[in-house]
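In: build me a model:
(2 chains)
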There are 2 protein chains.
Amino acid sequence: MYDVSAAAGFYHQKNVTITGGMGMIGSNLARALVDFGAKVTIVDAMLSQYGGNHFNISGYEDRLTLLPADIRDKAAVDNFIRDQHLLFNFAAQVSHNDSIEDPWSDAQINYLGHLNVLESARLNNPDVRIIYSGSRLQYGKVTTVPTHESHPLNPETPYAFNKTVAESMYRYYYRLHGINSVMFRITNPYGIRGQMKHSRYGIVNYFIRCAMQQEDISVFGDGSQIRDYIYIDDLVEALIAAGASDSAQGQVMNLGSGRGTSFREMAETVVRVVGSGSVSSIPWPDSYINVETGDFIADITLAREVLGWSPETSLEDGIRRTLQFYQRYGEHYTERA
Amino acid sequence: MYDVSAAAGFYHQKNVTITGGMGMIGSNLARALVDFGAKVTIVDAMLSQYGGNHFNISGYEDRLTLLPADIRDKAAVDNFIRDQHLLFNFAAQVSHNDSIEDPWSDAQINYLGHLNVLESARLNNPDVRIIYSGSRLQYGKVTTVPTHESHPLNPETPYAFNKTVAESMYRYYYRLHGINSVMFRITNPYGIRGQMKHSRYGIVNYFIRCAMQQEDISVFGDGSQIRDYIYIDDLVEALIAAGASDSAQGQVMNLGSGRGTSFREMAETVVRVVGSGSVSSIPWPDSYINVETGDFIADITLAREVLGWSPETSLEDGIRRTLQFYQRYGEHYTERA
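Out: Residues are numbered from 1 along each chain as shown, chains lettered A, B, ... in the order given. Reported below is the predicted structural model:
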């Protein structure tokens, strides 16, 4: 359990920009930082297929600044980066599958957009501290589980290529230009304020929706593949800790629950907690581009040690909290894409 | 020694496009392929700081098609890729140091430009065979010398990041979409038709120029770092072999001489062969961004086996042939940038 009260003092009156701040991770973080007294600016391009949602800042509209902008736009980046103490740079194309359909857009957002931010930081605000959200997919197929940060990177799809080259660029700007950053490789996040419109990313949230609507959840194959699902509150605590930590700067860290759950077990837990819906197995469709990475569990020793942080939320508890949120506010999250 | 006469039959009447075809590698290849009876189109953006030179196709102007175009321009790529049997995709930002100054342009040319080509091949000409020129800098600091293709990649600068992610994308398009390509990691090439305007890349050629002008060649430090210099004729033979080889498709191969020479020995060989100039040692300048990669020699076993190719030219012979070329045509290559 990370002691957020210490971080609260650190963030008080700090200028903090969160790109992609209307999405699940960004908005939950923004609300926490506003509560700490930070002067928060949310930058979001509100691209229709992703997770940006105005309801995510409901009740906070007057306590933060919302700036519609895209990190692909250099002038916009130059504008919003000035005078910021911290930049949580979460703007992203977040769908692994969409990157297969459209590798060009993925490269523009997930690599070139981040390069814009780094160049602008170097030129306009070299003292800014940047938090980057990479992905466990950078590892590709792993040979050891749990997987440590020193495991070779064998990315297999455009999404993973671009997350990897962007991380390389962050490390390079840190080493050569002294731009502070913390680079996370995040496992499968889920929880409140995530999109439930479609299944292309954020599968736990989508399954919660299906179960709430008494639908059957189809699991491809036997569903035995192990994943590491991290609840949003645990994730946000690690981000808060990273921004406030001097020793985290320049480090690459896994960010997950550190626990493995089979895909089928996750789906069954959703159905059990929600109390409706069902799970069935169907063969992998021929048309599905299956880039299966094998089992994955994050070794989170480094983040525990450097950040003094520890994930606390069981999958069951996380699903329950998510369910309670959507029982109340689900109408804002279910428009199907 | 690769038997080019067999390849000559393969290329006869084939449609071959060479991007970056006005540079050292592209133009030497173009001339060879025209002689084989290929229908060669050179695509070149003639960016002023790089190696494109109209004199490189002197005598061949009426035997090939020259198309001024940039691989960053999607419509242009769609236009030139149609009906081509082979595409030697050598358009590049070629300076490692320039990529440090301007990582954005490097990414646009060396990664996004190549992604344009791959997407266009998938959509417009999936049977095309593409030859890609990556770099030994993809390895970064190596732990074993000679270095095999299985050595981990630890690229350290934007140039190397972008060459690496582009190679990943070629392998991915081969695996997922069946787009044929041969991906080379090239060591330090030199020889006739290379630029001698400045020292930011193509250092052997630049040193030949300095020696021809009776200048002193300053070697930073003790010059003991080992490099693998490959003469252009050997390089071009490997490219010709790769385009004509079925079994090379989908493979990543080192392309070098397989021999190591210290930087100082290279400079001294230049002075000895040219018969003028001198070599002196000076300390590394403080301002120099020294991304020293350690000694490097390419393990070229794979290229030898797959291509039936072997580099034949000693450094001394290569420098002598280059000297003879510039003694005759040097005026076209020496305008200082």
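In: so which bits of stretch A:154-172 are buried?
Out: Under the neighbour-count criterion of 16 or more other Cβ atoms under 10 Å in any protein chain shown, stretch A:154-172 has A:155-172 buried. Yep, even glycine has a C-beta here, placed from its N, CA and C like the rest.
In: let me fix that, I meant to ask about stretch A:196-212.
Out: A:196-197, A:199-212.
In: also stretch A:231-247?
Out: In stretch A:231-247, counting by 16+ other Cβ under 10 Å, buried: A:231-245.
In: keep only the buried residues of stretch A:154-172 that also lie close to chain B.
Out: Contacts with chain B within the buried residues of stretch A:154-172, counted by Cβ under 8 Å from any Cβ of the partner chain: A:155, A:156, A:157, A:158, A:161, A:162, A:164, A:165, A:168, A:169, A:172.
In: let's see which of the residues you listed end up in strands.
Out: Taking DSSP state E, every one of those sits outside strands.
In: need those in CSV (columns: pLDDT).
Out: Below are these laid out as CSV (pLDDT from 0 to 100):
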residue, pLDDT
A:155, 95
A:156, 93
A:157, 94
A:158, 96
A:161, 97
A:162, 97
A:164, 98
A:165, 98
A:168, 98
A:169, 98
A:172, 97
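In: just the residues you listed now: which is nearest residue B:146?
Out: Of all these, residue B:146 sits closest to residue A:168, with 25.1 Å by Cβ to Cβ.
In: what lies in contact with stretch A:241-255?
Out: With Cβ atoms under 8 Å, 6 or more residues apart in numbering or on different chains as the contact definition, stretch A:241-255 has outside contacts at A:2, A:6-7, A:10-11, A:16, A:86, A:88, A:129, A:131, A:134, A:136, A:147-149, A:167, A:171, A:174-175, A:180-187, A:230, A:235, A:238, A:298-300, A:302-303, A:306-309.
In: among those, which ones are in strands?
Out: Counting by DSSP E, these place A:16, A:86, A:88, A:129, A:131, A:134, A:180-186, A:230 in strands.
In: give me the buried subset of those residues.
Out: Buried by 16+ other Cβ under 10 Å: A:16, A:86, A:88, A:129, A:131, A:134, A:180-186, A:230, out of the ones in strands among the contacts of stretch A:241-255.
In: for the closest residue to chain B within chain A, which non-adjacent residue is closest in space?
Out: Residue nearest to chain B within chain A: residue A:165 (4.4 Å; Cβ to the nearest Cβ). Spatial nearest neighbour of residue A:165, excluding adjacent residues (Cβ to Cβ, 6 or more residues apart in numbering or on different chains): residue B:165 at 4.4 Å.
In: ok, the one you found - contacts?
Out: Neighbour list for residue B:165: A:111, A:161, A:162, A:164, A:165, B:111 [criterion: Cβ under 8 Å, 6+ apart].
In: one more time with 6 Å, if that's ok
Out: The contact partners of residue B:165, taken as Cβ atoms under 6 Å, 6 or more residues apart in numbering or on different chains, are A:161, A:165, B:111.
In: let me see the contact set for the first one.
Out: So that's residue A:161. A:155, B:165, B:168.
In: in helices, which of the residues you listed appear?
Out: With DSSP state H as the criterion, helices contain B:165, B:168 from among the contacts of residue A:161.
In: which of the buried residues of stretch A:231-247 fall in helices?
Out: Mapping the buried residues of stretch A:231-247 onto helices (DSSP H) picks out A:232-244.
In: Serialize these to CSV and add fields for pLDDT.
Out: Shown next, in CSV, are those (pLDDT from 0 to 100):
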residue, pLDDT
A:232, 98
A:233, 97
A:234, 98
A:235, 98
A:236, 98
A:237, 97
A:238, 98
A:239, 98
A:240, 98
A:241, 97
A:242, 98
A:243, 97
A:244, 97
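In: let me know the closest of those to residue B:191.
Out: Taking Cβ to Cβ as the measure, residue B:191 sits nearest to residue A:242 out of those, at 50.2 Å.
In: pLDDT below threshold where in the stretch 201-337 of chain A?
Out: Within the stretch 201-337 of chain A, the ranges that satisfy pLDDT under 70 run A:287-292, A:336-337.
In: one more pass at 80, please.
Out: Applying pLDDT under 80 to the stretch 201-337 of chain A flags residues A:285-293, A:335-337.
In: any chance you could map the strands in it?
Out: Taking DSSP state E, counting those that start in this stretch to define them, one finds strands in the stretch 201-337 of chain A at A:216-220, A:226-227, A:229-231, A:252-255, A:261-262, A:278-282.
In: what separates the last one from the chain centre, distance-wise?
Out: Meaning strand A:278-282. Remark: strand A:278-282 is offset 27 Å from the chain centroid, using Cα atoms, centre = their mean, to the nearest Å.
In: that strand vs strand A:216-220, what angle?
Out: If you take axes from the mean of the first three to the mean of the last three Cα atoms, to 10 degrees, strand A:278-282 sits at 30 degrees to strand A:216-220.
In: next, the buried residues of strand A:278-282.
Out: Residues of strand A:278-282 classed as buried by neighbour count (16+ other Cβ under 10 Å): residue A:279.
In: how many other residues sit next to residue A:6?
Out: For residue A:6, the count of nearby residues is 12 (other Cβ atoms under 10 Å in any protein chain shown).
In: give the bridge partners for residue A:131, please.
Out: Judged by DSSP bridges, the bridge partners of residue A:131 are residue A:88, residue A:182.
In: quick one: contacts for it?
Out: Residue A:131 makes contact with A:88, A:182, A:239, A:242, A:243, according to Cβ under 6 Å, 6+ apart.
In: make CSV out of those and add distance to residue A:270.
Out: Listed next are the contacts of residue A:131 as CSV, based on distance: Cβ to Cβ, whole Å:
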residue, distance to residue A:270
A:88, 29
A:182, 31
A:239, 25
A:242, 29
A:243, 32
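In: nearest to residue B:27 among those?
Out: Closest approach between the contacts of residue A:131 and residue B:27, by Cβ to Cβ: residue A:182, at 46.7 Å.
In: check which helix or strand covers residue A:46.
Out: Under the criterion DSSP states H and E, no helix or strand holds residue A:46.
In: helix, strand, or coil at the nearest residue to it once chain neighbours are set aside?
Out: Using Cβ to Cβ, 6+ apart and skipping the chain neighbours, the partner closest in space to residue A:46 is residue A:52 (4.4 Å). Put simply, residue A:52 is coil when judged by DSSP: H, G, I helix; E, B strand; the rest coil.
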